[in-house]
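# how does the following fold in three dimensions:
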Amino acid sequence: MHAERDTWTLFVTVVGLSLLVFCTNLTLLTYDQKEDINICPKYSKNLVGSITPNLTDTSYKDLESRFTWLRTGGHYTPTGCKPRERVAILIPFRNRGNHLRILLNNLHPILYRQQLGYTIYVLKQANEKPFNRGKLFNIGYKEAKKFNHTCFVFHDVDLIPENDKILYGCVRSPMHLSRAVDAFNYK
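Numbers count the residues shown, from 1 in each chain. Modelled structure (predicted):
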């Protein structure tokens with residue numbers, strides 16, 4: 001299975017936001033259930049709330065050297081606790097390298113502070129046909145589903161999170177994480 005993941009990594013370019021969250025195989029805890037003490041908290045003490053995004057472009061090499069917690073292929077699993085969820089973040093992409101690097105530069109630290117087990121799938125359209133975001137999401141979802149994720153986040157490359165307390169996790173039904181954006185004066 002590991003070799004299969006490496007093959008997919010080369011095909012898709014797996015690396016580092018979200019419009020819609022979709023959950024599968026999710027077991028919600030009720031107040032009557034006792035939580036495993038080794039499970040990561042829903043709201044990590046590392047969260048800071050409102051943040052100012054860093055819009056400075058950087059190189060992939062710099063990103064790689066800064067985010068030493070990432071495993072090959074854009075994977076992270078917390079080491080001090082068991083993650084509540086295994087999140088797949090799907091980002092369709094073509095010809096916007098600077099936007100992708102800026103997003104990854106902001107997104108990886110947020111996901112790290114949220115103590116999620118996550119994989120970021122960058123879905124690159126290689127042909128010159130009109131950009132087909134929906135098809136890329138479908139392909140990415142189908143491939144990511146093979147790796148037992150409990151939650152799927154469909155993200156645009158140009159939406160940068162501004163609050164790490166907006167969790168990249170699962171809820172009972174699909175939800176929109178970016179209900180307000182700065183381009184529309186947050187309305």
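
# the nearest residue to Asn98 once chain neighbours are set aside in helix, strand or coil?
The spatial neighbour of Asn98 that comes closest, neighbours along the chain excluded (C-beta to C-beta, 6 or more residues apart in numbering), is Asp57 at 4.7 Å. In short, each C-beta sits where N, CA and C put it, glycine included. Here Asp57 is coil, with the state taken from DSSP: H, G, I helix; E, B strand; the rest coil.

# quick check: Asp57 touching Leu100?
No: using C-beta atoms under 8 Å, Asp57 is not in contact with Leu100, being 9.8 Å away.

# after the longest helix along the chain, which helix or strand is next?
In the chain, with assignment by DSSP state H, the single longest helix is helix 97-113. Downstream of helix 97-113, the next assigned helix or strand under DSSP states H and E is strand 117-124.

# coming back round to it: neighbour-wise, which of Asp57 and Leu100 wins?
Looking at Asp57 and Leu100 with other C-beta atoms under 10 Å, you find the greater number of neighbours at Leu100, namely 23 against 13.

# what ranges does this structure have for its strands?
Listed in chain order, the strands found in the chain under DSSP state E are 14-15, 20-23, 75-76, 86-93, 117-124, 151-154, 175-176.

# weakest of the ones you listed by average pLDDT?
Note on the strands of the chain: lowest mean pLDDT is at strand 14-15, with a mean of 34.

# got the confidence number for Leu63?
For Leu63, the predicted pLDDT is 93.

# quick one on the thing from earlier: would you mind putting the strands of the chain into JSON lines with distance to Cys40 alongside?
Below are the strands of the chain laid out as JSON lines (distance: least, C-beta to C-beta, whole Å):
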{"stretch": "strand 14-15", "distance to Cys40": "22"}
{"stretch": "strand 20-23", "distance to Cys40": "17"}
{"stretch": "strand 75-76", "distance to Cys40": "12"}
{"stretch": "strand 86-93", "distance to Cys40": "12"}
{"stretch": "strand 117-124", "distance to Cys40": "9"}
{"stretch": "strand 151-154", "distance to Cys40": "14"}
{"stretch": "strand 175-176", "distance to Cys40": "20"}
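
# where does this structure have low pLDDT?
Residue ranges of the chain with pLDDT under 70: 1-36, 172-187.

# ok, 80 please
1-37, 171-187 (pLDDT under 80).

# re the thing from before, now for the residue nearest to Asn98: which residues touch it?
98, 101-102 (C-beta atoms under 8 Å, 6 or more residues apart in numbering).

# give the contact list for Ile91.
16-17, 100, 103, 120-123, 155-157.

# same thing with Thr56?
Contacts of Thr56 (C-beta under 8 Å, 6+ apart): 102, 105.

# any idea how far Lys42 is from it?
31 Å (C-beta to C-beta, to the nearest Å).

# please apply the same query to Tyr76.
Taking C-beta to C-beta, one finds Tyr76 at 17 Å from Lys42.
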